[in-house]
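>>> Model the structure of this input:
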Amino acid sequence: MGEEELRKELQGLFKRFRDVKLHYTMELGGDAERKKVFDKAKKDIRNMYFIKNKPRKRPRVAKSKQILKELDSVSVFTHELVDLYLYVTEVSMDYLMRRYRSTASAYNSCKDAFAKAINLIAKTALHDEFKKRCGMLAQLAMEIPEMDSAINNLYREQFKA
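Numbering: from 1, shown residues only. Sure, this is the predicted structure:
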């Protein structure tokens, strides 16, 4: 297969398959293109928990996890992924604070997203960049009894606070 045929094949794949387009956008695109992808993901995730700024009866946790998994597999920069996981933690905490009763999946989603963010921070040198934001989330978790110990233990363990 010649170079020109290979180019045409790649263009065809790019147009037909969303995953291929996403991969190349993340891999070869600039900051603006990646930001668009992450901003759309954040908007979609927020919509899984809220409808017109009101909490859903049950959050669409499985769909938000699917978005996270997809971006986790194609993300180029760790700091963008940490930001997304912390965003999910923020949105799910907001949801949990507004709902008097919630499902175990909403609590688990919040804990899992924070744990993944903390694990990524631990693997890289992003402590300074995210310490303040993680501290604010740990403080906020104190208002949600089911979240307090899990979030604060992860925070203290990572940041020695």
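
>>> pLDDT at residue 13, what is it?
pLDDT recorded at residue 13 is 72.

>>> what's stretch 83-103 in contact with?
38, 41-42, 45-46, 49-50, 55-56, 58-59, 61, 64, 68, 71, 106-107, 109-110, 113-114, 116-117, 120, 130, 133-134, 137, 140-141, 143-144, 146-147, 151 (Cβ atoms under 8 Å, 6 or more residues apart in numbering). No exception for glycine: its C-beta is placed from N, CA and C like everyone else's.

>>> Could you turn the buried ones of the residues you listed into a ChimeraX selection?
Buried residues among these (16 or more other Cβ atoms under 10 Å), as a ChimeraX selection:
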select :38,41,42,45,46,49,50,55,59,61,64,68,71,106,107,109,110,113,114,116,117,120,130,133,134,137,140,141,144,147,151
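
>>> Narrow the contacts of stretch 83-103 to those in strands?
Among the contacts of stretch 83-103, the members falling in strands (DSSP state E) are 50, 55.

>>> By mean pLDDT, which helix or strand of this structure comes out lowest?
In the chain, no helix or strand scores lower on mean pLDDT, DSSP states H and E than helix 18-28, which sits at a mean of 70.
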